[in-house]
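Trainee: Fold the stuff below for me.
(3 chains)
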Amino acid sequence: MAKYIGKRLVYMLLSLWMIVTATFFFMRIAPGNPFASEKKLPPEIEANLNAHFGLDKPWYAQYWEYLVRIVNWDFGPSFKYKSQTVNDLINEGFPVSFLLGMEAIFIAVAVGVLLGIIAALKHNRWPDYTAMIVAVLGISVPSFIMASFLQYFLAIKMGIFPVARWESFMHSVLPAVALASTPMAFIARLTRSSMLEVLANDYIKTAKSKGLSRGVITVKHTIRNALLPVVTYMGPLTAGILTGSFVIERIFGIPGLGAHFVTSINNRDYTVIMGVTVFYSILLLVSILLVDIAYGIIDPRIKLAGGKKGE
Amino acid sequence: MQISKDKFKLVGTQLGEAEKISKPSLSFWKDVFIRFRKNKLALFGLVLLGLLIFMAIFGPYMTPYDYASNDLSNKNQPPSSEHWFGTDDLGRDVFARTWEGARISIFIGVAAAVIDLIIGVLWGGIAGYKGGRTDEGMMRFADILYGVPYLLLVILLMVVLGQGLSTMIIAMSITGWINMSRIVRGQVLSLKNQEYVLAAKTLGANTSRIMGKHLIPNSMGPILVTMTLTIPSAIFTEAFLSFIGLGLTPPIASWGTMANDGLPAMRYYPWRLFFPATFICLTIFAFNVVGDGLRDALDPRMRK
Amino acid sequence: MEKLLEVKNLEVSFQTYGGTVKAVRGVSFDLHKGETLAIVGESGSGKSVTSQSIMKLIPMPPGRISGGQILLNGEDIVPKTEKQMEKIRGKEISMIFQDPMTSLNPTMRVGNQIMEVLIKHQNMTKTDGKNRAIELLRLVGIPMPEKRVNQYPHEFSGGMRQRAMIAIALAANPKLLIADEPTTALDVTIQAQILELMKDLQNKMDTSIIFITHDLGVVANVADRVAVMYAGQIVEMGTVDEIFYDPRHPYTWGLLASMPSLENDDKAELAAIPGTPPDLTNPPKGDAFAARNQYALAIDFEEEPPMFQISETHFAKTWLLHPDAPQVEPPEAVKRRMRQLSSTFEKPVLVKEGK
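Mentor: Residues are numbered from 1 along each chain as shown, chains lettered A, B, ... in the order given. Here you go, the predicted structure:
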């Protein structure tokens, strides 16, 4: 088990290191970047950058500084706004995005799993077909298009929900649903195929031969085993919701980190882009690591891998 | 009940009858095609795809208007007999732009899939065939690269490389090939130990011949499925980048840029968003459904 | 000896894309208390389907029992509902399967899997259930049962898993145990141990066993009576002695002849039965075995043979036993083993419908 976690941790750190290094070098070669010495920068900004990166030092020293700062959770100053740091932006925007994201994850998992289970139990009957068509649509409609669609019909035309901003629970419904639509579809499909696979397994027959009731077999044997692969999807799920938030927040005017990130991209605020990218990467990679660990705990075959084997 | 004595003559085995194969033998791909056909959803998707491609090719010719010409006196017109899909805020015909956009979006999808294919086949093929340390090293590298969040990397690259068609395709392909390489490697690993490879080797075939003539053609199935499913993902990514402001620059009309332009005007001129958005969804849907159908048709476990 | 189970003319078919497959086409047999009946046959002969039908474990959408009766202690279970069957499964009849690795839930502790049966059928509490589970593991010969009871299936070896399955099957003291090729997936040495265990437990608990296998060596070891199945029908049935020493059906001859034996001289070829079993979507006219049968008669291709009775306990479904049939010699390997058995009738008797 420790070996399992250790391996994942190492991979994670390597991927993270790659991103950090990539952002560092990319920002130096991007057109109009702050490290190109020709362009004259406003003095306060230059001072900020110098303080953080040490602009007159050789690149490898700057790189080292950069790494050290990141480990210390300091993502640097903004390139465009002299009194803002990336940390400010993160502290301001992330709590909002986090809330939105959690709502979306909850919807995606709860509805997705439910749909998948129903579809599998009513295999090849109409609930199955309906659920699967809904799922294919969910996968085919990008979240931002779903968002526009929901906004147009349910907010603008029918007025059931507020159109934009982040002021109440009702404000969060449409964006959360839009964000959740595609992952929910994936989860539904995954749950369904996992259930069907488990149902075809011999141990389900064994359970039946013991005289257990259908309900007990479904819950204790089928669902418990079928949900294992769904847990592994939580990693990509987080990634999808995170990147989805960029556009959803913009469409609904939500002041989250995603919206700030998109603004910084449009402004070519390079240091903010770098900083937020690194922050997001840390977030994602850590989530994936946590999911992997959780899976390792839940699945007894992995928990005890490398442990004592039967005689 | 009396039975005549001659019925009890010893006759012996009649294996000719028993051994006769009751169904005609089919070539592999014919069999796959038949199974694909049985999947109504996939068939529907294929037809839809055909229509979309047809319109992508011929659509722009169906209207006298072209995708780039402005006509400011006619801006933001709703759909009419003149302009079937209406006009945008520069008076351009949305119908023409939609089908030009179709060409671009589909082109991006296919280009990304092809590049993924080339890199993936080379990478996975070599790793699988060589095996051992080479394989381990190559796939470990791929694993670490795979851990890098895809869209973030694409965004970074677009910022750095600048906006444009070729930079977009490059950015998409930077980690897209990893999936393909895993599939190819898996196929090569399972096939390389099969007997006909051994036979080819004893007849003196060298590595590239073995790969080219035996291994790759037999891996075509999963490769085709992966490609079919890469295209909608690329179309999605293109639309996504447009919505972030990293899309293609005007006057190029990709579906993503059109949808992005149409978004702020959604309340008053919804057709500007509606048409590109709908076709994005339909195209992604069609490719997904065809890809799924192909995958199911190839799956030996589903043989009836 | 009372009859525990009576199967009368069982017919089971499956709806598939290719058509309706008649997997079991009129199977009848009895089982007495405490006895072991072996059902032998190739893959596709219908032996597994028959046994699973006894517990109505066949998935009923594609499959259905299209005819016949299954009398358990005199009561027909074919019309019983699922809810009613739940009281029978695990309690009156239980089953062990071929592959113990896939037959056990990989994410549930072995002890819990045993306890499920106890809690359901004997209303035990968790504590009592656990203790009984430990006892059962000890009974089936698993060392350190107190530790093992908390472990997961993948921590057990193949033989141990099968023992655990036996423990699960016997937990509620069923009257009938159906063993579907329980030793096929195991090493030969472990096979012997499992068979010993089963015989031992049978003695202790007076359970009847239906033992399904394609291995005649195992049959000789455990069975009291044997039923030979081919293409969904029982073609010959009798005591172990009768089947081994006085087989009458050409298919049985083929099976016995294809068994390698230490007595065979090394120049003799291993006789295999040529050809493959028929497609049961369209069962052939007449005797299903005819095409592969070197002793086939003209009538075998036209009319299904009736069942002939050779002794109180010995039956065979072949035209060769008809008074007008020619005398044939079974293959060398079979002849060598043949003996005259005292219980045999003077002449085989045609059995009228209804048996």
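Trainee: What parts of the stretch 1-150 of chain B come near chain A?
Mentor: Contact residues (C-beta under 8 Å from any C-beta of the partner chain) of the stretch 1-150 of chain B with chain A: B:41, B:143, B:144, B:145, B:147, B:148, B:149, B:150. Every residue, glycine included, has its C-beta placed from N, CA and C.
Trainee: Check for me that the first one belongs to a helix.
Mentor: To tie it back to what came earlier, the one meant is residue B:41. Yes. Counting by DSSP: H, G, I helix; E, B strand; the rest coil, residue B:41 is part of a helix.
Trainee: related to what we said a few turns ago, pick out whichever of the residues of the stretch 1-150 of chain B next to chain A sits closest to chain C.
Mentor: The closest of these to chain C turns out to be residue B:41 (C-beta to the nearest C-beta; 17.7 Å).
Trainee: returning to that earlier point: now narrow the residues of the stretch 1-150 of chain B next to chain A to whatever sits close to chain C.
Mentor: Within the residues of the stretch 1-150 of chain B next to chain A, nothing lies near chain C by C-beta under 8 Å from any C-beta.
Trainee: from those residues, which would you call buried?
Mentor: B:41, B:144, B:145, B:147, B:148, B:149, B:150 (16 or more other C-beta atoms under 10 Å in any protein chain shown).
Trainee: Go through those residues and flag which are in helices.
Mentor: B:41, B:144, B:145, B:150 (DSSP state H).
Trainee: Among these, which one lies nearest to chain A?
Mentor: Distances from chain A to these, taken by C-beta to the nearest C-beta, are shortest for residue B:144, at 4.8 Å.
Trainee: Identify the residues contacting the closest one.
Mentor: Residue B:144 is in contact with A:11, A:14, A:15, A:18, counting by C-beta atoms under 8 Å, 6 or more residues apart in numbering or on different chains.
Trainee: Please report the distance of it from residue A:175.
Mentor: Distance, residue B:144 to residue A:175, by C-beta to C-beta, to the nearest Å: 33 Å.
Trainee: hang on, the earlier thing: show me the subset of the contacts of residue B:144 that also lies near chain C.
Mentor: Counting by C-beta under 8 Å from any C-beta, no member of those reaches chain C.
Trainee: who wins for most neighbours among these?
Mentor: residue A:15 (21 neighbours; other C-beta atoms under 10 Å in any protein chain shown).
Trainee: What separation is there between that residue and residue A:25?
Mentor: From residue A:15 to residue A:25 the distance is 16 Å (C-beta to C-beta).
Trainee: picking that back up, show me the two of the buried ones among the residues of the stretch 1-150 of chain B next to chain A that sit farthest apart.
Mentor: B:41 and B:144 (37.4 Å; C-beta to C-beta).
Trainee: Please give the element, helix or strand, for residue C:324.
Mentor: Per DSSP states H and E: residue C:324 is located in neither a helix nor a strand.
Trainee: okay but it is in contact with residue C:298, surely?
Mentor: No. Residue C:324 is beyond contact range of residue C:298, at 11.5 Å (criterion: C-beta atoms under 8 Å).
Trainee: how many other residues sit next to residue 7?
Mentor: Let's take chain A. Applying other C-beta under 10 Å, I find that residue A:7 has 11 neighbouring residues.
Trainee: meant chain C, my bad for not saying
Mentor: 22.
Trainee: you'd agree it is in a strand?
Mentor: Yes. Counting by three-state DSSP, residue C:7 falls inside a strand.
Trainee: How about the contacts made by it?
Mentor: C:27, C:28, C:29, C:30, C:50, C:54, C:68, C:69, C:70, C:71.
Trainee: Beta-bridge partners for it, please?
Mentor: As for beta bridges, residue C:7 partners with residue C:29, residue C:70 under DSSP bridges.
Trainee: quick one: it and chain B, what's the gap?
Mentor: According to C-beta to the nearest C-beta, to the nearest Å, residue C:7 stands 27 Å off from chain B.
Trainee: Tell me how far that residue lies from residue A:69.
Mentor: For residue C:7, the distance to residue A:69 - C-beta to C-beta - is 80 Å.
Trainee: and residue C:324, how many neighbours does it have?
Mentor: Here the number of neighbours of residue C:324 (other C-beta under 10 Å) works out to 14.
Trainee: need the contact list for the nearest residue to it once chain neighbours are set aside.
Mentor: The shortest distance from residue C:324 to any non-neighbouring residue, by C-beta to C-beta, 6 or more residues apart in numbering or on different chains, is to residue B:8 (4.8 Å). Residue B:8 makes contacts with C:297, C:298, C:299, C:319, C:322, C:324, C:325, C:326, as judged by C-beta under 8 Å, 6+ apart.
Trainee: could those go into a markdown table alongside secondary structure, distance to residue C:188 and pLDDT?
Mentor: Shown next, in a markdown table, are these (DSSP: H, G, I helix; E, B strand; the rest coil; distance: C-beta to C-beta, whole Å; pLDDT from 0 to 100):
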| residue | secondary structure | distance to residue C:188 | pLDDT |
| --- | --- | --- | --- |
| C:297 | strand | 39 | 84 |
| C:298 | helix | 44 | 82 |
| C:299 | helix | 42 | 83 |
| C:319 | helix | 38 | 86 |
| C:322 | coil | 41 | 84 |
| C:324 | coil | 46 | 81 |
| C:325 | coil | 40 | 82 |
| C:326 | coil | 41 | 82 |
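Trainee: Just the buried ones from these?
Mentor: C:297, C:298, C:299, C:319, C:322, C:325.
Trainee: ok, and the closest non-adjacent residue to the fourth one?
Mentor: Of all residues not flanking residue C:319 in the chain, residue C:305 sits nearest, at 4.5 Å (C-beta to C-beta, 6+ apart).
Trainee: Shouldn't the one you found be within a helix?
Mentor: No. According to three-state DSSP, residue C:305 belongs to no helix; its state is coil.
Trainee: From residue C:331, how far out is it?
Mentor: Residue C:305 sits 20 Å away from residue C:331, taking C-beta to C-beta as the criterion.
Trainee: Looking at the two, which one has more neighbours?
Mentor: Legend: neighbour count by other C-beta under 10 Å for residue C:305 and residue C:331, higher for residue C:305 (23 against 16).
Trainee: In what element of secondary structure is whatever residue of the stretch 51-200 of chain B ends up closest to chain C found?
Mentor: Nearest residue of the stretch 51-200 of chain B to chain C, counting by C-beta to the nearest C-beta: residue B:190, 21.8 Å away. Assessed by DSSP H and E, residue B:190 sits inside helix B:165-192.
Trainee: Packing partners of that helix?
Mentor: Helices and strands touching helix B:165-192, by 3 or more C-beta pairs under 8 Å, 6 or more residues apart in numbering or on different chains; DSSP states H and E, are helix B:94-130, helix B:132-146, helix B:150-161, helix B:216-244.
Trainee: Now mean pLDDT too, for these, in a markdown table please.
Mentor: Listed next are the helices and strands packed on helix B:165-192 as a markdown table, based on pLDDT from 0 to 100:
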| stretch | mean pLDDT |
| --- | --- |
| helix B:94-130 | 89 |
| helix B:132-146 | 86 |
| helix B:150-161 | 86 |
| helix B:216-244 | 85 |
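Trainee: would JSON lines of these with distance to residue A:262 be doable?
Mentor: Shown next, in JSON lines, are these (distance: least, C-beta to C-beta, whole Å):
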{"stretch": "helix B:94-130", "distance to residue A:262": "21"}
{"stretch": "helix B:132-146", "distance to residue A:262": "25"}
{"stretch": "helix B:150-161", "distance to residue A:262": "10"}
{"stretch": "helix B:216-244", "distance to residue A:262": "5"}
